[in-house]
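*Asks:* give me the fold of what follows.
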Amino acid sequence: MLMRMTALVAAQVGVVVVASAAWSAELNKDYLTGTWGVGGTAACGQASTEEITFKADGTFSSERDGKPTAVGFWHLVQDNLDLHMISSPAFFDDPTTKLDDALQAFAGQYGYFYAKALLFDVNDNDFRMVASLGDMLRGANLGRCPKTG
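*Replies:* Got it, this is the predicted structure:
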């Protein structure tokens, strides 16, 4: 009986340790401030990488190939990130699939978009998210880009 109770307590302690390791950074406004590379830290600075810069004043900008792709406002509540942005629908064309190639017809046209993301596996310099924008649902790994200049 004592061995079973010891095993049960050890299992519960293991769950707490694993849960805290998966959430090792405090997710708040200060945590997000900075530039993040979609695809992880190793993707930062590469021409094809989307980089998102969150500013402390609640604004953000996104760029790919050195060209702006979206600008807007962000708001974080616990692990939910709201993004209100101006962008071109052509930006949301996923180059890995042909299902949304029709979006390229909107190149040069801009409009308002709202995205909601759930952030998880938050560590000091990276996190994962699942975001919904309209009827699209996508996941991404983001890594903090080193400061330049």
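*Asks:* going forward, measure contacts between C-alpha atoms and count neighbours the same way
*Replies:* Fine.
*Asks:* assign Tyr31 to helix, strand or coil.
*Replies:* helix (DSSP: H, G, I helix; E, B strand; the rest coil).
*Asks:* count of neighbours near it?
*Replies:* When neighbours are counted by other C-alpha atoms under 10 Å, Tyr31 registers 16.
*Asks:* all numbers from here: first residue = 41
*Replies:* I'll keep to 41 as the first residue from here, and by that count the last item is Tyr71.
*Asks:* distance of it relative to Met176?
*Replies:* Distance check for Tyr71 against Met176: by C-alpha to C-alpha, to the nearest Å, it reads 26 Å.
*Asks:* mind listing the strands for the protein?
*Replies:* 74-78, 91-94, 99-104, 107-117, 120-127, 151-160, 166-173, 176-184 (DSSP state E).
*Asks:* just the CA coordinates of the third one, formatted as PDB?
*Replies:* It refers to strand 99-104. What follows is strand 99-104, C-alpha atoms only, in PDB (Å, rounded to 0.1, in the frame of the first residue of the first chain):
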ATOM      1  CA  THR A  99       1.200  48.000 -32.500                       C
ATOM      2  CA  PHE A 100       2.900  45.400 -34.700                       C
ATOM      3  CA  SER A 101       4.300  45.100 -38.200                       C
ATOM      4  CA  SER A 102       5.100  42.000 -40.300                       C
ATOM      5  CA  GLU A 103       7.400  41.700 -43.200                       C
ATOM      6  CA  ARG A 104       8.700  39.100 -45.600                       C
END
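*Asks:* and it, which strands flank it?
*Replies:* Here strand 99-104 is paired, per DSSP bridges, with strand 91-94 (antiparallel), strand 107-117 (antiparallel).
*Asks:* which residues does Leu182 form a beta bridge with?
*Replies:* Val78, Phe167.
*Asks:* mind checking pLDDT for it?
*Replies:* Leu182 carries a pLDDT value of 97.
*Asks:* got it, and Leu177?
*Replies:* Listed pLDDT for Leu177 reads 89.
*Asks:* my guess is it contacts Val170, does it?
*Replies:* Yes - counting by C-alpha atoms under 8 Å, Leu177 does reach Val170; the two are 7.0 Å apart.
*Asks:* more neighbours, these two?
*Replies:* The neighbour count for Leu177 versus Val170, taken as other C-alpha under 10 Å, is higher for Val170 (15 against 12).
*Asks:* ok, back up a step: point out the most buried one among the strands paired with strand 99-104.
*Replies:* strand 91-94 (a mean of 24; mean count of other C-alpha atoms under 10 Å).
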